[in-house]
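1. predicted model and sequence follow; I will ask about them next.
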Amino acid sequence: MPMFNRLQSPWLAAPLLFICGALVHLSMAPYTLWPLAIVCPWVLGLYLYRATPRGHFWRALSFNLGLCGAGVSWIYVSISQYGSTTPEIAAMLMALFIGGLAFIFSWPYWLLARLINKR
């Protein structure tokens, strides 16, 4: 599979997994493009195949940043308008929220790869 080997480049994997993570939201209401709920995690699985534990973490983090970052504009509105903060602080808090969620959801991938691969 020479084409798949070319796709394993980290420079291509990170944006592609980010987009796949963001596309998962289109599989739910009101869009109901349900095949994306199958295809996007499958693409993540392809990129995790034969990766090191560090690769598992970074690829899962990229996927989870897209997954957690899509559709969180309501957090920005809640913080900036109802929390009476400046737009800069609201954007910073939203970025911390997205990054924290993605970080928390990426650790199990690293741990599982570490326990199974023993590399």
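-> Here it is on my side, so go on.

2. separation between the residue nearest to the spatial centre of the chain and residue 80?
-> In the chain, the centroid-proximal residue (Cα atoms, centre = their mean) is residue 64; its distance is 1.9 Å. Per Cβ to Cβ, to the nearest Å, residue 64 is found 24 Å from residue 80. To be clear about C-beta, it is placed using only N, CA and C from the backbone, and glycine gets the same treatment.

3. and if you look at residue 106?
-> 27 Å.

4. before we move on, what about residue 51?
-> Residue 51 is 38 Å from residue 80, by Cβ to Cβ.

5. repeat that for residue 53.
-> Between residue 53 and residue 80 the distance, using Cβ to Cβ, works out to 38 Å.

6. distance from the centroid: which residue in the protein tops it?
-> Distance-from-mean max, the chain, by Cα atoms, centre = their mean: residue 84 at 29.3 Å.

7. in which helix or strand would I find it?
-> According to DSSP states H and E, residue 84 maps onto no helix or strand at all.

8. got a list of what it touches?
-> By Cβ atoms under 8 Å, 6 or more residues apart in numbering, the contact list for residue 84 is empty.

9. understood, closing this out.
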